[in-house]
Every structure is written in structure tokens, then in C-alpha cells.
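> could you look at this predicted model? Sequence included:
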Amino acid sequence: MVSANREMVVYCFDTLVAHYNNEEPPLPAFDEGQHPLFVTWKKVINGGEPRLRGCIGTLEARAIVNGFKDYALTSALRDRRFPPIQAKELPSLECTVSILTNYETARDYLDWEVGKHGIIIEFTDPDYNTRRSATYLPEVAAHEGWTIVEAIDSLIRKAGYRGTITEQLRKSIQLTRYQSTLFTMPYSEYVAYAKTTRGVAPTINGVKP
């Protein structure tokens with residue numbers, strides 16, 4: 001099984017730096033494979049808790065080299081919840097890559113563990129008779145300090161449902177649980193890695209080092 005690793009995060013940083021410089025990124029230092037994956041960008045402000053700046057990925061398996069290249073940019077520049085990340089923000093960013101594994105169909109909406117499982121919910125919106133779905137990665141509920149029900153209710157809202165959340169609605173949910181491996185690296189470690197392995201720190205056009 002492929003696990004998330006340092007080289008995958010480096011490739012995501014390389015891809016974003018190359019985008020700002022209108023260049024192609026260096027070749028990745030990890031092997032190709034087929035896996036569902038996510039890329040998450042967070043920003044550290046004044047030494048505080050990192051805040052989400054973008055998170056997009058795919059729940060379907062795909063080639064991970066192009067996958068990380070695509071989602072590094074999509075999550076940084078086209079997450080509709082946030083303005084696009086600007087080059088000047090890079091020094092305060094950290095990147096997390098996730099490889100998703102062990103998909104299982106749960107018995108009901110309660111059949112998963114906070115801190116262990118990511119979840120995908122699917123349900124029919126009773127007000128519009130449309131299907132809705134959304135996912136949280138395994139670390140989200142634990143980071144927010146949510147109970148199982150609080151996480152489910154938040155995910156129902158994330159899926160776009162604006163009506164009253166009832167127990168009947170929760171019981172109608174089809175839930176898939178999954179696990180993940182992840183690796184997180186701040187920009188400072190990326191710079192140090194580049195200096196060590198390439199002999200030169202990354203530079204960004206128009207941004208002071």
C-alpha cells in the first residue's frame with residue numbers, strides 16, 4: 001500500500017511555486033500509483049493555529065502524480081470557499097497530502113469512529129428531492145472536537161441542506177467510512193528540503209525570500 005510521504009508534499013509545493021513562476025515543476029521523487037487523494041493548504045498567522053486555505057481532492061482512485069499536480073493547484077486556487085492563494089502567502093503555508101484507503105459501507109450514520117475514519121454521506125434532500133453528498137477527511141472531526149452526531153450535522157450542512165436536521169434525516173443517510181495516511185510539511189521545511197537535495201532554495205518571481 002502506498003502511504004502519504006514527504007516527497008508528495010514537496011511535489012505539491014513545487015507545483016504551486018512553478019505555477020507562480022510560469023514554469024513546469026521538477027519531476028516528482030515518488031512512484032506512480034492509483035489512489036484517491038486530497039491536498040490541503042493551511043495558513044499560519046502570527047504563530048497561531050493553522051487555518052484552512054483550501055482543500056480539494058478526489059474520492060475516486062486516479063494516477064497520483066497528475067493527481068497531486070492537479071489538486072495542489074485546484075485546492076490552492078479554485079476552492080470556492082476561499083480567495084485564491086497568492087504567491088506572497090507561500091512562506092506562511094503548510095501543506096498536507098492524504099491518500100485514502102479502506103473504504104467500507106457503514107451500517108448507519110453512527111457506525112464510524114472520530115479520529116479514525118473519514119466519512120462520505122449521501123442522502124436525499126426532503127425539501128427538493130435531490131441527492132446530496134459531502135465528505136470529511138479523518139482528521140477533521142477530531143480537530144474540531146466534534147461528537148459523531150455533531151460531525152454528521154455539520155456534514156449535512158456542508159452538503160448544502162438548509163432545512164431542519166431531524167433524526168429521520170440522519171437515519172436516511174448512506175455512509176461510507178474510510179481511512180487515510182497523511183503527511184504535513186510547512187513551507188520552511190520544504191525550503192530546507194530543497195536546499196539539502198538540490199543545493200538551492202526555491203524562489204518565486206516578485207516575492208522576497
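Looks like it arrived, so ask away. None of the values given here were measured: they were computed from a predicted structure.

> just checking, T124 touches A159?
No: with contacts counted by C-beta atoms under 8 Å, T124 stays clear of A159, the gap being 11.0 Å. Yep, even glycine has a C-beta here, placed from its N, CA and C like the rest.

> which residues do those two both contact?
R132 (C-beta atoms under 8 Å, 6 or more residues apart in numbering).

> now W112: how far from H19?
36 Å (C-beta to C-beta, to the nearest Å).

> do I have it right that L137 meets R177?
No: counting by C-beta under 8 Å, R177 is not a contact partner of L137; they are 11.7 Å apart.

> could you pull out the strands for this structure?
34-43, 51-63, 93-105, 118-125, 130-136, 174-186 (DSSP state E).

> among those, which is the most enclosed?
strand 34-43 (a mean of 22; mean count of other C-beta atoms under 10 Å).

> separation between Y178 and R131?
On the measure of C-beta to C-beta, Y178 and R131 end up 20 Å apart.

> what is the neighbour count of A76?
Look at A76: counted by other C-beta atoms under 10 Å, it has 26 neighbours.

> was I right to think it contacts K43?
No: using C-beta under 8 Å, A76 is not in contact with K43, being 10.8 Å away.

> between the two, which contacts overlap?
Counting by C-beta under 8 Å, 6+ apart, the residues touching both A76 and K43 are R53.

> from R157, how far out is E150?
11 Å.

> before we move on, what about V114?
For V114, the distance to R157 - C-beta to C-beta - is 18 Å.

> any weak-confidence spans in this protein?
For the chain, applying pLDDT under 70 flags the ranges 208-209.

> so what's the closest residue in space to E94 that isn't next to it in sequence up against?
Nearest non-adjacent residue to E94, counting by C-beta to C-beta, 6 or more residues apart in numbering: P186, 4.2 Å away. When contacts are counted by C-beta under 8 Å, 6+ apart, P186 touches V44, L93, E94.

> quick revisit: give me the more crowded residue out of W112 and H19.
Using other C-beta under 10 Å as the criterion, W112 and H19 rank with W112 on top: 22 against 19.

> mind listing what that one touches?
W112 neighbours (C-beta under 8 Å, 6+ apart): A106, I119, I148, L175, R177.

> what do you get for K88?
V207.

> measure it to N205 for me?
In terms of C-beta to C-beta, K88 sits 11 Å off from N205.

> what's the first-to-last distance across stretch 162-178?
26 Å (C-alpha to C-alpha, to the nearest Å).

> buried residues in that stretch?
L169, R170, I173, L175, T176, R177, Y178 (16 or more other C-beta atoms under 10 Å).

> and stretch 57-68, how far from the chain's centre?
12 Å (C-alpha atoms, centre = their mean, to the nearest Å).

> err, stretch 191-207, not the other one
Distance, centroid of stretch 191-207 to centroid of chain: 24 Å (C-alpha atoms, centre = their mean).

> need the residues that contact that stretch.
By C-beta under 8 Å, 6+ apart, stretch 191-207 touches 6, 10, 13-14, 17, 20-22, 26, 87-88, 90, 185, 190, 209.

> all set now, cheers.
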